[in-house]
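Enquirer: Structure for this input, please:
(6 chains)
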Number of protein chains: 4
Amino acid sequence: MESALKLFAKHGVYSTTINMIAQDAGISKGLMYNYFSSKEELLKSIIVHGLNEFMQFIDPDEDGILTKDELKYFFNQNYKVIQNNIQHWKLYFSVMYQPQILKLVHKEFMQLLVPMYRIMTNYFTKNGYKNPKFETKFLIAILDGISLNYLNDPEHFPLDKAVKKLINMYT
Amino acid sequence: MESALKLFAKHGVYSTTINMIAQDAGISKGLMYNYFSSKEELLKSIIVHGLNEFMQFIDPDEDGILTKDELKYFFNQNYKVIQNNIQHWKLYFSVMYQPQILKLVHKEFMQLLVPMYRIMTNYFTKNGYKNPKFETKFLIAILDGISLNYLNDPEHFPLDKAVKKLINMYT
Amino acid sequence: MESALKLFAKHGVYSTTINMIAQDAGISKGLMYNYFSSKEELLKSIIVHGLNEFMQFIDPDEDGILTKDELKYFFNQNYKVIQNNIQHWKLYFSVMYQPQILKLVHKEFMQLLVPMYRIMTNYFTKNGYKNPKFETKFLIAILDGISLNYLNDPEHFPLDKAVKKLINMYT
Amino acid sequence: MESALKLFAKHGVYSTTINMIAQDAGISKGLMYNYFSSKEELLKSIIVHGLNEFMQFIDPDEDGILTKDELKYFFNQNYKVIQNNIQHWKLYFSVMYQPQILKLVHKEFMQLLVPMYRIMTNYFTKNGYKNPKFETKFLIAILDGISLNYLNDPEHFPLDKAVKKLINMYT
DNA sequence: AATGAATGAGAATTCATTCAT
DNA sequence: CATGAATGAATTCTCATTCAT
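Expert: As a prediction, this is how the structure comes out:
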């Protein structure tokens, strides 16, 4: 999975062959098929694995309610996770925009996004925003945009400042 | 090019075959190769063509300076262009995250982004923002995020409200 | 025909496309097909045309008998013809060894070789050689070998000396 | 390689398809590509392999000097090799005259020809010939011509007599 | 648990040839 | 006489997947 993630992020899913993955991992092609029934299954496993990591820190006390501190914590954690596994999140965005691949992991994506969306809407409602659903969608868009631009050029995108600005805007 | 754009956006570049494109366009495979020397060349042509359309709307005065009204106009035009050619911009984002494809059109992307970046920085400088470069990067991130989320689900994303909010934030 | 000959000799028959020939000749592909019904027909025409040039000087008085002077004349003329149209004879040998192409012009080749063979055998018989048929075959082999080596590197192969040596050997 | 050699010699390199080769060899197309990265690579392997076999018979002492007996031995061996692998040598001559193919194996051909040329020149020098370099070129031409004519019609060309005549001429 | 030779469906690409104009 | 857009069969090559060992 590590080899595959690395190569998928570097060359793209379609340009990465099973051969390349097996070679990088130092195993045979056949062995890969002992663990994953197909290339698709491998991709799916990688993505689900990454999503699970991500979900652990949303709403940590699981009460479905986000305090201002928790939102601040969320922003910080969100980008810490991305910073710690750039390759995975590059792959994430790459997959998001290849419709034929997205289909494979659509369910898993929804399992992540739906609760996130619900919690944020609660937050905006509680804090007196006029149009909580819109605010949620706008915030998610900003979060995506920052991720996208950070991943595109991690060396030069001022992630820390962007997170601070986010926190100022929303708390 | 229309057929290819449609199919690329729908199935992804790699899952779309020359056969499918030719069939959709009502021509033979061979004829495609009279006009484009390869599938890559076709993809490149489509993207460059779309970028050129887009560039017409940035800084219409071509004086390199953006007034508040022009920024407002820019936001509006920006999303009008996207709204009018959803397929193309889906493809655009899809390509942004497939490294092996991005390489093909990297030069053309830069020709679009660099002047856009310069003009925005001028704007923030003139209007007294403390860190114009950072503000530019942050704004571009937001613009990308909105585009991304709109394209993902054009029916439900509140593009008009988002543009209004943007205008409020920046003018 | 000139363009085709040049390109056939340079790139080989199979690697030369109708497009290349038409372009070199400054005409359209279609026009080529007004004059030659196919690429094969064009090749055949070129070869037959070259063979005819060659046949003109064998046994010029057409009495079927070769005097010593005529043999000397034949050797000299033989290589003069080759020297004057290197490209054609390169093509000749190239075709000789591509079985699928040779079939096309086999008849024409035979029309050249059979009378040449007959006349030489007469010559050896008249001059008291023990095994005229063998001598003919041996001489033809030498002639071929010299042609082959001259065509391979016209700048460095000592054609004149070789012809002199031939004349010494056989007259 | 055996299947390919057979088919190349019979139909020519360009008219032989990978399909035909795989079918003749009783394997799948894909397997061919496990062993040879392309059709060109396969052709190259065949030719190099044949040349290596041939080189074993030149100057067996490897002292760079040819005695009269060794020259006699060389003539005999030379044609024994050709007789034993007619197909290969047909291919050899076919390739010699297809410029686009010759390029592929030019280096290997030179590795064969250059030492052969050197040894023969030594021989003529030692035996008092006036112009050793010319004699070498002439002899090589004769050898080529005999090979060419023998391969063209192995049934009827009197190879044994030709070799005897050669030996008489040169020792 | 591990291998890698073998498969074959499917993809991109080429190019001689046709034909309406 | 001349064009060149259009065709599509044929070809090379790729690569996920299988399976005997």
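
Enquirer: ok, and the closest non-adjacent residue to the residue of chain A found nearest chain B?
Expert: Closest to chain B within chain A is A:Gly145: 2.5 Å, counting by C-beta to the nearest C-beta. All C-beta spots, glycine's among them, are computed from the backbone N, C-alpha and C. Nearest non-adjacent residue to A:Gly145, counting by C-beta to C-beta, 6 or more residues apart in numbering or on different chains: B:Gly145, 2.5 Å away.

Enquirer: pLDDT at A:Leu159, what is it?
Expert: We have a pLDDT of 95 for A:Leu159.

Enquirer: residues near it, how many?
Expert: Close neighbours of A:Leu159, defined as other C-beta atoms under 10 Å in any protein chain shown, add up to 17.

Enquirer: A:Glu135 too?
Expert: When neighbours are counted by other C-beta under 10 Å, A:Glu135 registers 20.

Enquirer: Would you mind pointing out the helix or strand it falls in?
Expert: Here A:Glu135 sits within helix A:132-152, counting by DSSP states H and E.

Enquirer: just to revisit the earlier point, quick one: the residue of chain A closest to chain B and B:Tyr150 touch, right?
Expert: No - in terms of C-beta atoms under 8 Å, A:Gly145 does not count as a neighbour of B:Tyr150; the distance is 11.5 Å.

Enquirer: For chain A, what lies in contact range of DNA strand E?
Expert: Near DNA strand E, the residues belonging to chain A are A:Ile27, A:Ser28, A:Lys29, A:Gly30, A:Leu31, A:Tyr33, A:Asn34 when assessed by C-beta under 7 Å from any atom of the strand.

Enquirer: Which single helix of chain A contains the most residues?
Expert: Once chain A is assigned using DSSP state H, the helix that runs over the most residues is helix A:99-126.

Enquirer: what angle separates it from helix A:132-152?
Expert: Between helix A:99-126 and helix A:132-152, the angle comes out at 130 degrees (axes from the mean of the first three to the mean of the last three C-alpha atoms, to 10 degrees).

Enquirer: quick one: the one helix or strand A:Ala9 maps to to helix A:132-152, angle?
Expert: A:Ala9 is part of helix A:2-11 when elements are defined by DSSP H and E. Helix A:2-11 and helix A:132-152 are oriented at 90 degrees to each other (the same axes, to 10 degrees).

Enquirer: can you state the direction angle for the helix or strand that comes right after helix A:2-11 and helix A:2-11?
Expert: Next in sequence after helix A:2-11, counting helices and strands by DSSP H and E, comes helix A:18-25. Between helix A:18-25 and helix A:2-11, the angle comes out at 120 degrees (the same axes, to 10 degrees).

Enquirer: For chain A, which residue gets nearest to DNA strand E?
Expert: In chain A, no residue comes nearer to DNA strand E than A:Gly30, which is 2.0 Å away by C-beta to the nearest atom of the strand.

Enquirer: and that residue, how many neighbours?
Expert: For A:Gly30, the count of nearby residues is 8 (other C-beta under 10 Å).

Enquirer: Now the phi/psi pair for it, please.
Expert: phi -60, psi -40 (degrees, to the nearest 10).

Enquirer: circling back: if you look at the residues of chain A next to DNA strand E, which of them are in helices?
Expert: Judged by DSSP H, the residues of chain A next to DNA strand E include A:Lys29, A:Gly30, A:Leu31, A:Tyr33, A:Asn34 as members of helices.

Enquirer: which one of the residues you listed has the most neighbours?
Expert: Neighbour max across those (other C-beta under 10 Å) = A:Tyr33, 15 neighbours.

Enquirer: What confidence value was assigned to that residue?
Expert: For A:Tyr33, the predicted pLDDT is 95.

Enquirer: Apart from its chain neighbours, what residue comes closest to A:Leu166?
Expert: A:Phe75 (5.3 Å).

Enquirer: name the element that neighbour belongs to?
Expert: If you go by DSSP H and E, A:Phe75 is part of helix A:68-84.

Enquirer: For that helix, name the packing helices and strands.
Expert: Judged by 3 or more C-beta pairs under 8 Å, 6 or more residues apart in numbering or on different chains; DSSP states H and E, helix A:68-84 is in contact with helix A:132-152, helix A:159-170.

Enquirer: So which bits of the first one are buried?
Expert: It stands for helix A:132-152. If you call a residue buried by 16 or more other C-beta atoms under 10 Å in any protein chain shown, then helix A:132-152 has these buried ones: A:132, A:134-152.

Enquirer: and what of stretch A:46-53?
Expert: Along stretch A:46-53, these residues count as buried under the neighbour rule (16+ other C-beta under 10 Å): A:Ile46, A:Ile47, A:Val48, A:Gly50, A:Leu51.

Enquirer: before we move on, the earlier item: list just the nearest of the ones in helices among the residues of chain A next to DNA strand E to chain C.
Expert: Ranked by distance to chain C (C-beta to the nearest C-beta), these are led by A:Lys29 at 36.4 Å.

Enquirer: From C:Glu108, how far off is that closest one?
Expert: Distance check for A:Lys29 against C:Glu108: by C-beta to C-beta, to the nearest Å, it reads 55 Å.

Enquirer: and A:Thr67, how many neighbours?
Expert: Residues lying near A:Thr67 (other C-beta under 10 Å) number 13.

Enquirer: A:Lys133 versus that one, what's the distance?
Expert: With C-beta to C-beta as the criterion, A:Thr67 and A:Lys133 are 20 Å apart.

Enquirer: Around chain B, pick out the residues from chain A.
Expert: Selection of chain A residues close to chain B by C-beta under 8 Å from any C-beta of the partner chain yields A:9-12, A:14-15, A:90, A:93-94, A:96-101, A:131, A:134, A:137-138, A:140-146, A:148-149, A:152, A:157-158, A:161-162, A:165.
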